[in-house]
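>>> Need the 3D shape of this:
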Amino acid sequence: MDISNTPLVERIARVLAGQRLSSNAEGSNPSAGDVVDLAWHEHLDDARAVLRTLREPDEEMAAAGDAAVWERMVRAAIDQDGAEKPNADRVEERA
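Alright, predicted model coming up:
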């Protein structure tokens, strides 16, 4: 099994950036790699929303494997990111 060295939230953000920028998807850039490298940070909030949605497997996913393991894995990705709330990397907590 292949294991990525890139955090899941970053990989999701890069996919979202590529989808919006690359002419292979909805964008207009025929060679978007460098632009995606610069822009993926702008998609972190959307990536975090996707990741939070993935916490709970649907019925078919749960039937195919261990739902508790899935939830722990997704929660580990959320914890690794350290930003449970949208915009958490840009907003200071106020006491």
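>>> could you list every residue that touches the residue lying closest to residue 55 once chain neighbours are set aside?
Take residue 55 and drop its neighbours on the chain: the residue closest to it by CB to CB, 6 or more residues apart in numbering is residue 74, 4.9 Å away. Just so you know, the C-beta spots here come from the backbone N, C-alpha and C atoms, and that holds for glycine as well. Contact analysis of residue 74 by CB atoms under 8 Å, 6 or more residues apart in numbering lists 51, 54-55.
>>> Restricted to helices, list these.
Using DSSP state H to define helices, the subset of these located there is residue 51.
>>> In a markdown table, list the contacts of residue 74 along with pLDDT.
Formatted as a markdown table, the contacts of residue 74 follow (pLDDT from 0 to 100):
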| residue | pLDDT |
| --- | --- |
| 51 | 94 |
| 54 | 94 |
| 55 | 93 |
